[in-house]
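In: next come a sequence and a model predicted from it.
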Amino acid sequence: MRVLNLAGVGDEIRQKGFLPDGVAWRKLDGTFIAGINNGSSNNGESQKDDPERMVALPLDRLGRILYNHSMKFPCIKYLFNHKVISIGQDENTAWVDVEVTGSSEATRFEADYIVGCDGANSIIRRSLFGDWEFPGRTWDEQIVATNVYYLFEKYNYWDSNFFIDPVHWHMAAKITKDGMWRVTYGEVPGLTRDELIARQPEKFKTILPGHPDPGGYKLVNISPYKVHQRLAESMRVGRFLLAADAAHLCNPFGGLGLTGGIVDVGGLYECLKGIYTGVADESILDIYSNIRRKRYLEIVDPISSDNLRRMFAIPPNEVLEKDEFLKLCKKCETDKDLQQKMAEGAHALNYDFTQHYNMSKSS
């Protein structure tokens with residue numbers, strides 16, 4: 001939110017999204033284990049309004065806000081149906097050759113710098129490092145993500161909930177004002193997409209409070225997928241930069257993928273602005289690569305990995321005794337200062353690249 005506020009879109013995001021009350025860890029039967037309160041009481045009454053506090057808003061709606069705001073700038077153009085087929089660079093320029101739908105000839109675009117924000121299957125990254133060079137690993141666990149309307153509030157759920165169970169581990173988080181929830185759960189590995197989808201009604205009957213049949217909820221969509229923890233060996237190669245999923249991947253539990261990508265872009269903006277205005281030289285882009293990779297290795301990867309493992313690796317009756325993070329969460333219930341520090345923990349991803357203005361070479 002710090003980056004989005006600086007971009008001038010924070011107010012609209014808050015208007016169209018909502019402020020989650022907190023995150024709780026529970027047993028499969030709903031029994032509360034521990035949680036982090038984000039500044040609201042459980043009955044929804046606001047205790048604190050921090051402009052940098054977490055906001056919940058589905059990605060497609062965030063994308064529409066960013067699109068509408070950026071279209072106010074005459075220097076910005078969106079070109080859809082363009083596919084990068086090759087890239088190149090020399091001492092002064094970088095370029096991409098693209099295939100345009102409906103045209104038999106490739107079109108070339110040139111720039112001082114080109115940023116690959118083209119997702120997990122990034123053509124830019126693959127062109128720079130090779131198709132299979134994306135260091136890291138793929139989780140064995142099978143994930144199924146769903147969006148659903150169901151009255152979780154009736155069962156005293158917080159806005160975000162992680163359920164610890166060796167078999168039926170899952171997450172249930174409210175994502176829209178009108179009551180749509182994201183329910184993401186683990187499944188049996190090795191099944192086909194059709195088999196996983198066919199198992200959804202029985203899975204919901206087991207994991208949702210009240211154990212509803214399909215008529216008791218509205219399923220909006222369902223998407224089985226595998227998750228990854230991967231990091232490109234560099235986020236800069238000459239005049240090409242990488243950001244967000246093109247540069248690094250993590251599992252979705254905790255929202256660090258999108259958050260990390262937004263912070264990448266905020267930092268890269270500071271670096272490119274410094275070069276453009278003459279207060280930094282190109283070496284600040286190496287600092288960008290080094291810092292953002294370090295943030296992934298020290299924060300995003302370990303925390304997101306722990307968030308996933310915590311749901312199934314330790315028996316629920318033992319997790320509060322053995323998991324250091326949940327011990328801190330429990331302490332937060334009586335330590336308001338610690339509660340505030342933990343609620344602000346995501347800011348550790350940030351980094352002020354302007355401190356390297358006029359000193360990039362020495363850094």
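Out: Cool, got the structure.

In: CA atoms for contacts and neighbours, from now on please.
Out: Noted.

In: list of residues touching stretch 31-40?
Out: By C-alpha atoms under 8 Å, 6 or more residues apart in numbering, the residues outside stretch 31-40 that reach it are 20-27, 46-49, 53, 320, 326, 329-330, 332, 339-340, 342-343.

In: what packs against the lowest-mean-pLDDT helix or strand in the chain?
Out: Of the helices and strands making up the chain, the lowest-confidence element is helix 336-343, at a mean of 77, by mean pLDDT, DSSP states H and E. If you count contacts as 3 or more C-alpha pairs under 8 Å, 6 or more residues apart in numbering; DSSP states H and E, helix 336-343 packs onto strand 32-37, helix 324-332.

In: how about a cut-off of 7 Å?
Out: Using 3 or more C-alpha pairs under 7 Å, 6 or more residues apart in numbering; DSSP states H and E, no helix or strand is in contact with helix 336-343.

In: chain center to it, what's the gap?
Out: 22 Å (C-alpha atoms, centre = their mean, to the nearest Å).

In: also stretch 279-291?
Out: Chain-centre distance of stretch 279-291: 24 Å, with C-alpha atoms, centre = their mean.

In: do the same with stretch 154-174
Out: Distance of stretch 154-174 from the chain centroid (C-alpha atoms, centre = their mean) equals 19 Å.

In: same check on stretch 185-193?
Out: 22 Å.

In: show me the contact partners of it.
Out: 141-145, 168-171, 224 (C-alpha atoms under 7 Å, 6 or more residues apart in numbering).

In: can I have the buried ones of those residues as a PyMOL selection?
Out: Applying 16 or more other C-alpha atoms under 10 Å to those, the buried members can be selected in PyMOL as follows:
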select buried, resi 141+142+143+144+145+168+169+170+171+224
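
In: from the contacts of stretch 185-193, which ones fall inside strands?
Out: Taking DSSP state E as the definition of strands, the contacts of stretch 185-193 contribute 141-145, 170-171, 224.

In: format those as TSV; extra columns: pLDDT and distance to Val3.
Out: Converted to TSV, these look like this (pLDDT from 0 to 100; distance: C-alpha to C-alpha, whole Å):
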residue	pLDDT	distance to Val3
Glu141	95	33
Gln142	96	33
Ile143	97	30
Val144	98	30
Ala145	97	27
His170	98	30
Met171	97	27
Pro224	97	31
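
In: so which of those comes closest to Tyr157?
Out: Met171 (11.3 Å; C-alpha to C-alpha).

In: how near is Lys154 to Asp281?
Out: Plainly put, Lys154 is 57 Å away from Asp281 if you go by C-alpha to C-alpha, to the nearest Å.

In: could you list the low-pLDDT ranges of this protein?
Out: Flagging of the chain using pLDDT under 70 yields the residue ranges 39-48, 359-363.

In: go through it and flag its longest helix.
Out: helix 256-276 (DSSP state H).

In: can you tell me what sits against that helix?
Out: Residues contacting helix 256-276 (C-alpha under 7 Å, 6+ apart): 3, 243-245, 249-250, 280-282, 284-285, 288, 292, 300, 304, 349-351, 353-354, 357.

In: put the alpha carbons of it into PDB.
Out: C-alpha atoms of helix 256-276 as PDB (Å, rounded to 0.1, in the frame of the first residue of the first chain):
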ATOM      1  CA  LEU A 256       3.700 -12.300  -0.700                       C
ATOM      2  CA  GLY A 257       3.800 -12.900  -4.500                       C
ATOM      3  CA  LEU A 258       1.700  -9.900  -5.400                       C
ATOM      4  CA  THR A 259       3.100  -7.800  -2.600                       C
ATOM      5  CA  GLY A 260       6.600  -8.600  -3.600                       C
ATOM      6  CA  GLY A 261       5.900  -7.800  -7.200                       C
ATOM      7  CA  ILE A 262       4.400  -4.400  -6.400                       C
ATOM      8  CA  VAL A 263       7.400  -3.500  -4.200                       C
ATOM      9  CA  ASP A 264       9.700  -4.600  -7.000                       C
ATOM     10  CA  VAL A 265       8.100  -2.100  -9.400                       C
ATOM     11  CA  GLY A 266       8.100   0.700  -6.800                       C
ATOM     12  CA  GLY A 267      11.900   0.200  -6.300                       C
ATOM     13  CA  LEU A 268      12.600  -0.100 -10.000                       C
ATOM     14  CA  TYR A 269      10.700   3.200 -10.500                       C
ATOM     15  CA  GLU A 270      13.000   4.900  -8.100                       C
ATOM     16  CA  CYS A 271      16.100   3.500  -9.800                       C
ATOM     17  CA  LEU A 272      15.000   4.400 -13.400                       C
ATOM     18  CA  LYS A 273      13.800   7.900 -12.200                       C
ATOM     19  CA  GLY A 274      17.300   8.400 -10.700                       C
ATOM     20  CA  ILE A 275      19.000   7.500 -14.000                       C
ATOM     21  CA  TYR A 276      16.500   9.700 -16.000                       C
END
